[in-house]
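based on what follows, work out the 3D shape:
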Amino acid sequence: MAQELKLEPNKPKRIALKYAGPKFIRGRGDHIRAMFTLEDSRVFFCDLELADQIKRLARPGEQFWIQLKWSGKPGNAADWDLWLDSSAEWTRAKKTEPVPEVKPAPLTVSDSRENHPTASVSDFTKPENGSQEESWARYLRRTTTVLTDVYAECVKEARKHGETVNREDVRTMLVTAFIAATRGRKKARRAA
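Sure thing, here's the model as predicted:
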């Protein structure tokens, strides 16, 4: 029998799946649990809701983090946190899979920063006044300001969906959309 992964509360653990989906095991009282085989041949048992979250998050071989959040007090509810390891995010971003053309919905920013211009790579490649480094700093500052505003607004919008969409989901979607948009601009510049 394979060794079972046991998680300590509030201590994140980095793992990777060996296979895309779990096996389903019938337990006491016809309770069904999912069993994932990990890359190191250990197994991890969980309920079906957590299994669905894991399947949506990670692909076989991709490292991700899992954490059981619990106060340690009997009767208090436990919760799970899952997130991709930065190496997995990096690998996904580097893949050269074609990105479908998506027209972004118009964004409205409700605070005083709404009149900030969006930044582009050309802002720092052709410095006007000052050094290349100063232009790069301006670009980073403006891009970060815009992304922060967009993230805050998206988190606010996600709250309308209750527990279904959390901050990590919003962050993942925002990073993915930003990478796709940036990649599209680079391809357009190369073609021109």
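
quick one, strands of the chain?
In the chain, the strands defined using DSSP state E lie at 13-16, 23-26, 32-37, 43-46, 63-69, 79-84.

a markdown table for the ones you listed, including mean pLDDT?
Output for those, formatted as a markdown table (pLDDT from 0 to 100):
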| stretch | mean pLDDT |
| --- | --- |
| strand 13-16 | 96 |
| strand 23-26 | 91 |
| strand 32-37 | 94 |
| strand 43-46 | 94 |
| strand 63-69 | 95 |
| strand 79-84 | 93 |
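
adding mean neighbour count, write these out as JSON lines.
C-beta: built from backbone N, CA, C; applies to glycine. Formatted as JSON lines, these follow (neighbours: other C-beta atoms under 10 Å):
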{"stretch": "strand 13-16", "mean neighbour count": "15"}
{"stretch": "strand 23-26", "mean neighbour count": "11"}
{"stretch": "strand 32-37", "mean neighbour count": "17"}
{"stretch": "strand 43-46", "mean neighbour count": "19"}
{"stretch": "strand 63-69", "mean neighbour count": "17"}
{"stretch": "strand 79-84", "mean neighbour count": "16"}
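
can I get these in TSV including distance to residue 137?
TSV is the format used below for the strands of the chain (distance: least, C-beta to C-beta, whole Å):
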stretch	distance to residue 137
strand 13-16	34
strand 23-26	52
strand 32-37	45
strand 43-46	45
strand 63-69	32
strand 79-84	29
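
residue 151 contacts residue 175, correct?
No - if you go by C-beta atoms under 8 Å, residue 151 and residue 175 don't touch, sitting 9.6 Å apart.

state the pLDDT value of the spatially most central residue of the chain.
Centroid-nearest residue in the chain: residue 172, 2.9 Å away (criterion: C-alpha atoms, centre = their mean). For residue 172, the model assigns a pLDDT of 86.

swap in the one 10 residues further on?
Residue 182 is assigned a predicted lDDT (pLDDT) of 70.

pull the number of nearby residues for it.
When neighbours are defined as other C-beta atoms under 10 Å, residue 182 has 14 of them.

and if you look at residue 142?
Applying other C-beta under 10 Å, we find 16 residues neighbouring residue 142.

and the one 5 residues further on, by the same measure?
The local packing count at residue 147 equals 15, with neighbours defined by other C-beta under 10 Å.

would you agree it is in contact with residue 175?
No - using C-beta under 8 Å, residue 147 is not in contact with residue 175; the gap is 9.4 Å.

which ones are touching the nearest residue to residue 26 once chain neighbours are set aside?
Among residues not flanking residue 26 along the chain, residue 32 sits closest, at 5.7 Å (C-beta to C-beta, 6 or more residues apart in numbering). Residues near residue 32 by C-beta atoms under 8 Å, 6 or more residues apart in numbering: 24, 25, 26, 48.
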